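Colleague: Return atomic coordinates for the entry below.
(2 chains)
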Amino acid sequence: MSDLLKNLISGEVLAANFEESKPSFNSQEALDEANRCLYCYDAPCITACPTGIDIPGFIKKIASGNLKGSATTIMDSNPVGASCARVCPTEELCEGACVLNYSTKPIPIGDLQRFATEWAIKNDEVLFKAGKKNGKTVAIVGSGPAGLSTARELARLGYEVTIFEAKSEAGGLDTFGIVPFRLPKDISLWEVGQVRNLGVEIRTNTEVGKDIFAEDLVEEYDAVVLAIGMSKVPMLGIEGEELEGNYDAIDLVERSKNGDYPEEFAGKRVAVIGAGNTAIDGATTSVRLGADNVKILYRRTEAEMTAYDFEYEFAKQDGVEFRWLTNPKRFISDEKGHIKQIECVKMELQASEADGRPRPVEIEGSEFLMDVDIVVKAIGQTRHMKMIEAFGLEHQGGVVKVDPETFITSNPKVYAAGDVIFGKGIGEAMVVTAAQQGKDTALAIHERFKQSVTESA
Amino acid sequence: MADISIHFAGIKSPNPYWLASAPPTNTGYQVQRAFEAGWGGAVWKTLGEPILNVTSRFGASHFNGQRVAGFNNIELISDRPLEDNLKEIYETKKRFPDRVIIASLMVEPQREKWHEIVKRVQDVGVDGFELNLGCPHGMSERGMGSAVGQHPDLVERTTMYAKEAAEVPVITKLTPNITDITATAKAAARGGADAISLINTINSLIGVDLETWNTIPNVNGKGAHGGYCGPAVKPIALNMVGECARNSEVNIPISGIGGISTWQDTVEFMLMGAGSVQICTAAMHHGFRIIDDLTEGLENYLDEKGIDFLSDIIGKSVEKYTDWSSLDLNHKVVARINNDVCINCNKCHIACEDTSHQCIDMLTDADGNDILRVREEDCVGCNLCSIVCPVDGAIDMIDLTPTEPPMSWNDRQTAIQMLKNSK
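Modeller: Presented below is the predicted three-dimensional model:
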């Protein structure tokens, strides 16, 4: 059977399906758009960028042919600026704020940012230098956007930084968690390389709690930063979840990032549960794996879905179908222990819950069966509870509590940034926000040690 | 990182960028803002007998949707009391001792008047003087500015007057509203100028309003010619800088002015012999913050070229700039069209067919695709097709392997003369 499926979609076609879907600007497009930028003073796009990139400045440098300067301006403000050029919801941020929205059409800031950073990548540019060593050491747990950003800023300030990363490669979400046709792995690994070039030691395959212990880190380093993000998709807690053909969207994306494409999707019917950005990733990945039909099942409606508009649009263009107000009740097995059907129930929305979102309630007797071959779960992410508890940090359901100014946790030596402090109605889960939190955390650490560092120097 | 500081006619500047004498350098507040942003120097708005100004004062030509391709003004020299300017120059220099302040001066071409103003301004401490012998509007009607700058003898004499009293370098600023720029450049050198700066603005009328038939800019229904500047004048300025740089009788440093907007323009002017550059219109269009890209772009360019000092590039293209009669008549360039890049707008064809040498054919290839092809034997290598082509890389201008040794018009005339003589 699997031999037959292999023939349906060849390895080459698969690999091509997972190449970056949107082409880069050529020089002419970049120049045309750069010259269209008004170079506003006190520009609203800068304010709208969580990392405060001098956007008119970097665009002006594209126009003048100073591409190194352009990339430096971007990466200076945002250590993961090449990734953000691809994954930021720009229409809600910089491009949404562009003054040209009121006269013609906004400048494609994300594409220009991609153009400038791509130039730096292609030319192997080293954009920053490490600061003079100041004798202080910092351990960072996790090498995603928040961890990398903290490390980059600290290294520039002269700190000796060690990152502990459980996976085999660094970069976290950008390397493993965003579909390759939106963000190729190489881009994230280039950003990792930029940080490594500053003398930051990145110990991959090193799991805190197993290969090294939390208390040792707190003991041995002057400060510890927890930037561990989030974990896998939680269990739905319904019958049949253990059946074959049941995938975790985060695992699925990670496999595709590694070029490890599951074969069984070709020609199949896929149901994705959930309607956030990860659900869209799960759905569009399924399409690229050759699925015949992909449906997103969501217990609320289009209005409540958390996926960005451009992600939603992207999925629709991929032919993904949406089944609103639909919830799975149980998975039904075939004779081999593989999913063959979902029993679904129709939902209706009732008055708001405490968090302001309408509450979905089952419509009695509306159960129906849906024929599927594969289910991809994307109903949020669990937390690295063990790790948080190993550090003994105060948290609320896995959301680590920090001082919003200093990013200090309940342990004064331990800081936290990124998705590990996102949730329960606080903050934003964007890569760009994590990058800024990393910068802020580094500054807060420096603020604390600045005096002793200057005295000893 | 390359060193972009300069030593210009004895004046040290942390970078080659000075604001030209113009509205941006009208007050201490403005010049200090510019220095905070990173400008290397400023040539203060021209000092002299305070004048009265009119409104409105500026006009601009926009070209195909790009604003300010060219810019003109009918503003005169400083309209503020000399004492106020001097006080602000003193304060600014005290706050920014490492930056350059040049005082631009304009008085009537009389020895006592020049001595008097040079001494007064010198007392507050400036790094040099620039003699405004170029302003083409208003002041010229009163026997100053370009009324002086258009007469080599007056240029020489005025420069001499200033030099007699000056203890700091004197830069004579030249007007382009003259047939041969080297005539006044040489005169400035003879008068003892430590350097020349060029170009001042060009006589111009920006336009006429189609509704009111008023000229632009308009002052209560009337207008007067103004000084033209901005990106559009760059080629005129670059030529004049080059002409002065290659003239052995000029032989003093040149501060390049005229349409410089980017670090690339700066490189061109410096290659063509400028030892510093002055900028006005680009700052008026975008603010002083443009200095960031101007300096960084220049540093990155030099780093990429492996050049440690900006001063090493000054004048490096001057020897390549010569008279037409020294050009090689046997050099052959032809156009080649890359049909895989070409987008088939046919602009090259029609430009060549109607206005050049009818050598670009519109053809169909074996697969039925439209293609364009140059008949190289008829191509004169004029560049027109590659100039009108909107796509990078669609047309290459190729140097053909020479079949004959180089021969210029001068060589040819000499050879003919030798033949005649031998007969």
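Colleague: So for A:Ala15, what's the pLDDT?
Modeller: For A:Ala15, the pLDDT comes out at 87.
Colleague: Kindly report the same for the one 5 residues further on.
Modeller: At A:Glu20, the pLDDT value in this model is 93.
Colleague: ok, it - how many residues close by?
Modeller: Around A:Glu20 there are 16 other residues, counting by other Cβ atoms under 10 Å in any protein chain shown. Any C-beta I mention is one placed from the backbone N, CA and C, and that applies to glycine too.
Colleague: how close does it get to A:Asp186?
Modeller: In this structure, A:Glu20 lies at 10 Å from A:Asp186, with Cβ to Cβ, to the nearest Å as the measure.
Colleague: With B:Met418 instead?
Modeller: When Cβ to Cβ is applied, the distance between B:Met418 and A:Asp186 equals 67 Å.
Colleague: out of these two, which sits in the more crowded spot?
Modeller: A:Asp186 (14 against 10).
Colleague: so A:Ser149 touches A:Asp440, yeah?
Modeller: No. With contacts defined as Cβ atoms under 8 Å, A:Ser149 does not count as touching A:Asp440, sitting 9.1 Å away.
Colleague: Overlap in contacts, those two.
Modeller: A:Ala417 (Cβ atoms under 8 Å, 6 or more residues apart in numbering or on different chains).
Colleague: Those two: which is more packed in?
Modeller: Set side by side, A:Ser149 and A:Asp440 show more neighbours around A:Ser149, with 31 against 20, by other Cβ under 10 Å.
Colleague: Over to that one: give its phi and psi.
Modeller: The phi and psi values for A:Ser149, taken as degrees, to the nearest 10, are phi -60, psi -40.
Colleague: Might you report the residue contacts of A:Val270?
Modeller: Neighbour list for A:Val270: A:283, A:286, A:291, A:293-295, A:372-376 [criterion: Cβ under 8 Å, 6+ apart].
Colleague: Would you map out the domains in the chain?
Modeller: All of this is about chain A. A:7-122, A:137-231+A:383-456, A:246-377 (automatic domain parsing).
Colleague: that's the wrong chain, I meant chain B
Modeller: Taken from automatic domain parsing, chain B resolves into B:6-315, B:324-399.
Colleague: Would you format the ones you listed as a markdown table with distance to chain A included?
Modeller: Formatted as a markdown table, the entries for those read as follows, by distance: least, Cβ to the nearest Cβ, whole Å:
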| stretch | distance to chain A |
| --- | --- |
| domain B:6-315 | 4 |
| domain B:324-399 | 6 |
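Colleague: Mind putting the ones you listed into a markdown table with mean pLDDT?
Modeller: Listed next are those as a markdown table, based on pLDDT from 0 to 100:
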| stretch | mean pLDDT |
| --- | --- |
| domain B:6-315 | 97 |
| domain B:324-399 | 97 |
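Colleague: Of those, flag the one that's most buried.
Modeller: Comparing the domains of chain B by mean neighbour count (mean count of other Cβ atoms under 10 Å in any protein chain shown), domain B:6-315 comes out on top with a mean of 20.
Colleague: Quick check: end-to-end length of that one?
Modeller: Domain B:6-315 has an end-to-end distance of 14 Å (criterion: Cα to Cα, to the nearest Å).
Colleague: Quick check: end-to-end length of stretch A:40-53?
Modeller: 14 Å.
Colleague: average pLDDT for that stretch?
Modeller: Per-region confidence: stretch A:40-53 scores 97 on mean pLDDT.
Colleague: wouldn't B:Thr182 be in contact with B:Ser248 here?
Modeller: No. With contact defined as Cβ under 8 Å, B:Thr182 does not count as touching B:Ser248 (10.2 Å).
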